[in-house]
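Engineer: Okay, here's the prediction I keep looking at, along with the sequence it came from:
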Amino acid sequence: MPGGRLTQAERQRIASGLADELAYAEIARRLDRPTSTITREVMRNGGPTAYRPEMAQRATERRSRRRKPAAAVPAGGRVARAQAHGRDDDAVREYEETFTTLFMAQGLPKMTSRVLTSLFVTDSGSLTAAELVERLQVSPASVSKAVTFLEGQGLVRRERDERRRERYAVHENLWYQSTIAGAQGIAQVAETARQGVAVLGRGTPAAVRLENIARFSDFISESMFRAAEQVRDILTSNPEGATVRDDAEEADPAESVDSVG
């Protein structure tokens with residue numbers, strides 16, 4: 001499988017694949033590239049409907065020119081921090097772009113995704129506004145807007161360090177909170193769909209459709225609640241990490257879905 005940056009010819013083929021409504025995986029297969037490379041390339045250059053190969057090529061060249069002086073950053077800069085932990089700076093940067101692209105694909109704005117990624121990949125799990133500005137090379141206003149959004153979503157919290165500086169930190173149980181919020185949202189879908197059954201008349205085609213939605217949503221939300229609580233209990237009791245026990249023998253989800261449908 002080839003490595004290195006995408007060529008202009010490859011970007012043209014990506015554009016052609018998007019025009020033909022091919023999946024990222026299929027475009028990647030045709031180019032003999034990882035699917036993540038194609039996903040990241042498209043998402044950071046306008047998305048599937050606005051991707052332009054020429055603009056993507058120019059953007060890559062601009063990023064490349066900006067990165068070259070980074071090798072000369074003095075001790076304490078970005079390169080020194082990465083090397084202090086035996087990390088490859090290019091590999092870390094590439095991973096950050098992959099994580100950022102993932103968050104963008106899930107609906108977060110680009111700057112918000114970049115800030116959240118920076119907090120996730122930082123050993124301390126927290127950064128000051130000044131550190132985020134330096135790390136991302138953006139304005140303080142951009143960081144402030146992104147942090148305010150993340151805080152409103154319960155994804156980060158503000159705290160003070162020993163020097164009384166305000167720091168932004170990710171919650172250690174972020175995925176648990178996110179899963180619970182998702183389960184609550186699906187449960188609300190079930191409740192709303194069930195209300196429609198009475199309005200539209202039980203037994204009518206529309207009511208039957210809504211009843212199926214409600215039953216399916218009930219099953220999914222309850223499964224998410226149980227799984228989240230189970231995993232949290234396991235990880236809390238065994239911080240070193242444990243393999244989550246497969247309870248398929250106790251409750252087969254496939255059988256439950258069949259009973260719902």
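Structural biologist: Here it is on my side, so go on.

Engineer: Give me the helices and strands touching the longest helix seen in the chain, please.
Structural biologist: Assignment by DSSP state H gives helix 205-237 as the longest helix of the chain. Judged by 3 or more C-beta pairs under 8 Å, 6 or more residues apart in numbering; DSSP states H and E, helix 205-237 is in contact with helix 174-200, helix 253-260. All C-beta atoms are positioned from the backbone trio N, CA, C, and that covers glycine.

Engineer: Report the rounded mean pLDDT for the shortest one.
Structural biologist: Read that as helix 253-260. Along helix 253-260, the predicted local confidence has a mean pLDDT of 46.

Engineer: Check stretch 117-128 too.
Structural biologist: Averaged across stretch 117-128, pLDDT comes to 88.

Engineer: First-to-last residue distance for it?
Structural biologist: 14 Å (C-alpha to C-alpha, to the nearest Å).

Engineer: mind listing what's buried in it?
Structural biologist: By neighbour count with 16 or more other C-beta atoms under 10 Å, stretch 117-128 contains the buried residues Thr117, Ser118, Leu119, Thr122, Gly125, Ser126, Leu127.

Engineer: model confidence over the longest helix of the chain, on average?
Structural biologist: When the per-residue pLDDT values of helix 205-237 are averaged, the result is 90.

Engineer: picking up where we left off before, so which of the buried residues of stretch 117-128 sit within strands?
Structural biologist: Members of the buried residues of stretch 117-128 lying in strands (criterion: DSSP state E): Ser126, Leu127.

Engineer: of the buried residues of stretch 117-128, closest to Arg44?
Structural biologist: Thr117 (12.2 Å; C-beta to C-beta).

Engineer: Contacts only, for that closest one.
Structural biologist: Contacts for Thr117 were tallied using C-beta atoms under 8 Å, 6 or more residues apart in numbering; they are Glu96, Phe99, Thr100, Phe103.

Engineer: switch the cut-off to 10 Å
Structural biologist: Remark: with contacts taken as C-beta atoms under 10 Å, 6 or more residues apart in numbering, Thr117 is in contact with Tyr95, Glu96, Glu97, Thr98, Phe99, Thr100, Thr101, Leu102, Phe103, Met104, Leu108, Leu136.

Engineer: Counting neighbours, which of the residues you listed comes out on top?
Structural biologist: Of all these, the highest neighbour tally under other C-beta atoms under 10 Å goes to Thr100, namely 24 neighbours.

Engineer: Break this protein down into its domains, please.
Structural biologist: Following automatic domain parsing, one finds the domains of the chain at 1-72, 76-171, 174-260.

Engineer: can I assume Val197 is in contact with Ala190?
Structural biologist: No: applying C-beta atoms under 10 Å, one finds Val197 not in contact with Ala190, separated by 11.2 Å.

Engineer: Touching, Gln153 and Ser178? I think so.
Structural biologist: Yes: under the criterion of C-beta under 10 Å, Gln153 makes contact with Ser178 at 9.0 Å.
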